[in-house]
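Colleague: Provide a 3D model corresponding to the input given below.
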Amino acid sequence: MKNNLYLLIFICFFTLSNAQSYDFKTVIDLDATEVISQGNTGTCWSFSTSSFLESEIIRITGKTIDLSEMYNVRHTYPQKAYNYVMRQGHTQFSEGGLAHDVINRMATYGLVPNSVYSGLKNSNDKHNHSKLIDTLTKTLDKYIENPKLYTSNWKDDVNAILDSSLGQNINTFTFEGVTYTPMSFLKMTKLNPKDYISITSFKHEPFYTNFILNIPDNFSNGKFLNVKIDELVEITNRALEKGYTIELDCDVSEPTFSSEYGMAIIPNDANNTEEAFKTITQEKKITQEFRQQEFENFNTTDDHLMHIVGMVKDQTGKIYYKVKNSWGKNSSRVSNDGYIYMSAAYFKLKTISIMIHTDALKNTYKKYIKNQ
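Modeller: Purely as a prediction, here's the structure:
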């Protein structure tokens with residue numbers, strides 16, 4: 001009995017003495033614009049993808065440009081509304097979207113700087129779309145309920161609501177002394193919408209094919225290249241090593257995702273989350289099968305998009321992705337200033353998809369791009 005007591009004391013002492021607080025060192029830190037807040041909106045897809053494109057502009061041209069997130073939103077809502085009406089309300093109409101929605105709008109409507117189209121009206125300095133989405137939904141539902149009794153054109157009404165809430169569309173503007181249209185401004189940035197590809201990893205569709213991922217925010221039926229999860233990690237790591245940042249769609253509803261601590265992890269002991277944010281802990285091994293299970297039982301959902309801009313490592317050598325969030329700079333306990341350090345385990349389990357420049361892909365995958 002005494003020996004068992006001594007052994008227990010030794011184990012406790014050994015555990016406590018080996019508990020290490022996180023000490024992160026930068027491995028890769030790519031150029032990105034300032035962390036900002038999406039406010040009270042569900043438009044993380046536009047904020048994160050705009051941030052991604054801003055880094056692409058820096059990488060390609062060396063220019064730092066603050067793009068308008070709300071210009072993309074302004075041109076995406078009518079597309080979502082049309083989809084909702086033509087499906088007679090039997091689909092989701094919300095603020096949500098995906099990275100390819102920004103790419104699609106960019107291809108059709110170009111880009112503008114935030115200084116030209118902020119989406120803020122009446123001297124507001126924070127975005128708030130709670131009333132906007134409610135007003136749009138009521139308008140659309142009224143038309144769907146009885147189109148014959150609807151006395152005006154619902155498309156015109158949607159545009160009028162968007163103009164009133166976000167601002168009217170613009171055809172020309174001046175930026176740094178030069179007059180542009182949205183399309184000529186896009187040309188100046190040297191971004192090509194055809195250069196970007198969305199990649200995912202799920203077993204219910206064949207690997208190395210392109211398929212429509214059936215998730216609520218994929219209203220535009222975007223296609224995704226399907227690869228194995230270890231290859232998704234490899235693609236991500238190689239892209240960062242080559243200087244390409246990455247757009248990320250993932251689940252942040254887990255208690256092990258914390259903006260307060262600036263971390264996202266998958267600890268072995270799910271009952272010890274608070275301590276896992278403070279000291280280095282072992283994480284679960286994530287398999288393709290477990291990832292699929294968590295997706296199909298809705299434990300993993302597409303609820304937030306962010307922007308991967310680098311890597312850090314702790315003192316044990318474990319790698320974490322440096323992820324730029326759009327919830328503003330915060331006073332997190334580890335002072336990450338609006339960034340999240342995401343472990344590889346969390347990435348493998350909770351990533352819905354990534355978007356990257358096609359040049360960041362190995363030649364092995366390039367033959368699948370044409371079907372996107």
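Colleague: Tell me, how many residues neighbour Thr26?
Modeller: By other C-beta atoms under 10 Å, the residues close to Thr26 number 10. Just so you know, the C-beta spots here come from the backbone N, C-alpha and C atoms, and that holds for glycine as well.
Colleague: Nearest spatial neighbour of it, chain-adjacent residues omitted?
Modeller: Val312 (5.6 Å; C-beta to C-beta, 6 or more residues apart in numbering).
Colleague: Can you get me a residue count around the one you found?
Modeller: Neighbours around Val312, by other C-beta under 10 Å: 20.
Colleague: likewise the one 3 residues further on?
Modeller: The burial metric for Gln315, expressed as a neighbour count using other C-beta under 10 Å, is 12.
Colleague: What of Trp45?
Modeller: Each residue near Trp45 was counted by other C-beta under 10 Å, and the total is 28.
Colleague: Which of the helices or strands spans it?
Modeller: Taking DSSP states H and E as the definition, Trp45 sits inside helix 44-61.
Colleague: Could you do Tyr82 as well?
Modeller: Assessed by DSSP H and E, Tyr82 sits inside helix 69-86.
Colleague: Could you do Glu231 as well?
Modeller: Short version, using DSSP H and E: Glu231 is in helix 229-241.
Colleague: Which SSE is immediately downstream of that helix?
Modeller: strand 246-250.
Colleague: In this structure, where is pLDDT below threshold?
Modeller: For the chain, the stretches flagged by pLDDT under 70 are 1-18, 330-335, 370-372.
Colleague: Just name whatever secondary elements the top strand by length along it is in contact with.
Modeller: Taking DSSP state E as the criterion, the chain has its longest strand at strand 304-313. Where contact means 3 or more C-beta pairs under 8 Å, 6 or more residues apart in numbering; DSSP states H and E, strand 304-313 is packed against strand 25-29, helix 44-61, helix 229-241, strand 246-250, strand 319-324, strand 339-343.
Colleague: Please name the strands paired to the fourth one in the sheet, noting orientation.
Modeller: Based on DSSP bridges, the strands next to strand 246-250 in the sheet, each with its direction, are strand 304-313 (antiparallel), strand 351-357 (antiparallel).
Colleague: Would you convert those into TSV that also reports distance to Trp154?
Modeller: As requested, the strands paired with strand 246-250 are arranged in TSV below (distance: least, C-beta to C-beta, whole Å):
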stretch	distance to Trp154
strand 304-313	29
strand 351-357	32
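Colleague: Quick one: closest of these to Tyr82.
Modeller: strand 304-313 (22.3 Å; C-beta to C-beta).
Colleague: what's across from the residue nearest the centre of the chain in the sheet?
Modeller: Nearest to the mean C-alpha position of the chain, by C-alpha atoms, centre = their mean, lies Leu305 at 1.7 Å. In this structure, Leu305 bridges to Asp249 when assessed by DSSP bridges.
Colleague: any idea how far it lies from Lys121?
Modeller: From Leu305 over to Lys121 the distance is 25 Å, taken as C-beta to C-beta, to the nearest Å.
Colleague: do the same with Pro193
Modeller: Pro193 sits at a distance of 29 Å from Lys121 (criterion: C-beta to C-beta).
Colleague: Which of these two has more residues huddled nearby?
Modeller: Neighbours per residue, other C-beta under 10 Å: of Pro193 and Lys121, the larger number sits with Pro193, 16 against 11.
Colleague: Spatially nearest residue to that one (excluding sequence neighbours)?
Modeller: Ala107 (3.8 Å).
Colleague: quick check, the one you found in a helix?
Modeller: Yes: counting by DSSP: H, G, I helix; E, B strand; the rest coil, Ala107 is part of a helix.
Colleague: SS state for Asn271?
Modeller: Going by three-state DSSP: Asn271 is coil.
Colleague: Count the neighbours of it for me.
Modeller: 8.
Colleague: what do you get for Ile266?
Modeller: Neighbours of Ile266 using other C-beta under 10 Å come to 23.
Colleague: which residues touch Thr139?
Modeller: By C-beta atoms under 8 Å, 6 or more residues apart in numbering, Thr139 lies in contact with Trp154, Asp157, Val158, Ile161.
Colleague: Tell me the one among those residues nearest to Thr300.
Modeller: When the contacts of Thr139 are compared for distance to Thr300 (C-beta to C-beta), Val158 wins out at 32.5 Å.
Colleague: Asp217 is in contact with Leu98, isn't it?
Modeller: Yes: under the criterion of C-beta atoms under 8 Å, Asp217 makes contact with Leu98 at 5.4 Å.
Colleague: Show me the common contact partners of those two, please.
Modeller: Counting by C-beta under 8 Å, 6+ apart, the common neighbours of Asp217 and Leu98 are Trp45, Asp302.
Colleague: who's more crowded, these two?
Modeller: When neighbours are counted by other C-beta under 10 Å, Asp217 and Leu98 differ, and Leu98 comes out ahead with 26 against 23.
Colleague: Return the distance of the more buried one relative to Thr91.
Modeller: Distance from Leu98 to Thr91, by C-beta to C-beta: 15 Å.
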